[in-house]
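Participant: Sharing a model that was predicted from the sequence below.
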Amino acid sequence: MRWDRFFEDLQDQFDAEWEAERAVLDTEAERLRLSRVALRERLTELGRGADAEAPTLAWDLLGDLSITARVSVVGADWVGVETAGDRSGVIPLASIAAIGLGHADLLRSARPRASERASLTERMTLGFVLRDLVRRRTPVTVTTTGGRALTGTIDRAGADHLDLALHDPGSPRRADAVNGHRLVPFSAVSWVRVDNLERL
């Protein structure tokens with residue numbers, strides 16, 4: 001009888017130690033998995049599903065700028081967003097200071113789904129997107145990391161900068177309407193708001 005109790009105690013002790021060791025291993029495996037998750041993967045997960053399902057996020061951007069928007073698309077080094085007023089914009093990942101979201105969305109985004117192959121959009125860089133805006137002659141508002149809003153049309157987009165022809169918001173880019181030019185490094189761009197969504 002005593003031997004039965006002795007072996008039961010040993011089995012219970014062994015089971016408890018095994019569970020504790022497995023919990024430590026699971027915790028360490030989760031830490032390792034999370035160490036490999038990139039911000040763009042989490043943003044991609046937050047943008048999955050229909051527009052009604054994508055959560056509205058509070059974006060704190062460099063230059064003391066805050067906007068509320070949903071993720072619509074994620075590129076190589078940028079995220080496309082849509083605000084409540086049906087405005088769209090492009091945010092360089094480097095200009096994101098913080099993102100406010102609910103706890104459930106925070107946890108969901110920490111478990112991104114594996115994708116077999118990167119889509120064309122996921123490989124597009126900020127320069128590629130800005131060059132498309134140049135081609136379309138789309139009016140934009142470029143907000144810099146210093147907090148300054150510049151309205152106009154992007155004339156050229158280089159490897160790491162853009163040329164902006166300044167003109168009044170809502171007016172087309174015409175030589176007589178341009179009241180200045182700015183050369184803006186991508187590193188100084190907090191976000192680019194597309195002012196004429198119908199043209200896209």
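Facilitator: Sure, I can see it.
Participant: Is it correct that Val189 is in contact with Ser95?
Facilitator: Yes: taking contact to mean Cβ atoms under 8 Å, the distance of 6.5 Å between Val189 and Ser95 places them in contact. No exception for glycine: its C-beta is placed from N, CA and C like everyone else's.
Participant: of those two, who's got more company?
Facilitator: Set Val189 next to Ser95 and count neighbours by other Cβ atoms under 10 Å: Val189 wins out with 26 against 22.
Participant: so the more buried one bridges to which residues?
Facilitator: The residues listed as beta-bridge partners of Val189 by DSSP bridges are Thr144.
Participant: who touches it in this structure?
Facilitator: Going by Cβ atoms under 8 Å, 6 or more residues apart in numbering, Val189 touches 92, 95, 126, 142-145, 162.
Participant: swap in Leu62?
Facilitator: 95-97, 145, 190.
Participant: Buried among the residues you listed? Need that as a selection in PyMOL.
Facilitator: Only the buried members of the contacts of Leu62 enter the following PyMOL selection, criterion being 16 or more other Cβ atoms under 10 Å:
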select buried, resi 95+96+145+190
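Participant: got the contacts of Leu62 as JSON lines, with distance to Ala54 and pLDDT columns?
Facilitator: What follows is those, written out as JSON lines (distance: Cβ to Cβ, whole Å; pLDDT from 0 to 100):
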{"residue": "Ser95", "distance to Ala54": "20", "pLDDT": "96"}
{"residue": "Ile96", "distance to Ala54": "17", "pLDDT": "96"}
{"residue": "Ala97", "distance to Ala54": "21", "pLDDT": "96"}
{"residue": "Thr145", "distance to Ala54": "26", "pLDDT": "95"}
{"residue": "Ser190", "distance to Ala54": "22", "pLDDT": "96"}
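Participant: Out of the contacts of Leu62, which two sit at the greatest distance?
Facilitator: Across these, no pair lies farther apart than Ile96 and Thr145, at 11.1 Å, counting by Cβ to Cβ.
Participant: Now list whatever residues contact both of these two.
Facilitator: Any residue near both Ile96 and Thr145 by Cβ under 8 Å, 6+ apart counts here, and that gives 61-62.
Participant: just to revisit the earlier point, got the contacts of Leu62 as a markdown table, with distance to Arg40 columns?
Facilitator: Compiled in a markdown table, the contacts of Leu62 are given as follows (distance: Cβ to Cβ, whole Å):
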| residue | distance to Arg40 |
| --- | --- |
| Ser95 | 14 |
| Ile96 | 10 |
| Ala97 | 16 |
| Thr145 | 19 |
| Ser190 | 18 |
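Participant: which one of the contacts of Val189 is nearest Leu133?
Facilitator: Among those, and counting by Cβ to Cβ, the member closest to Leu133 is Leu162, at 8.9 Å.
Participant: can you tell me which helix or strand that closest one belongs to?
Facilitator: strand 161-166 (DSSP states H and E).
Participant: Adjacent strands (with direction) for the helix or strand following that strand?
Facilitator: The C-terminal neighbour of strand 161-166 among helices and strands, as given by DSSP H and E, is strand 180-185. The partner list of strand 180-185 in its sheet, established with DSSP bridges, is strand 161-166 (antiparallel).
Participant: quick one: average pLDDT of the partner strand?
Facilitator: Average pLDDT, strand 161-166: 96.
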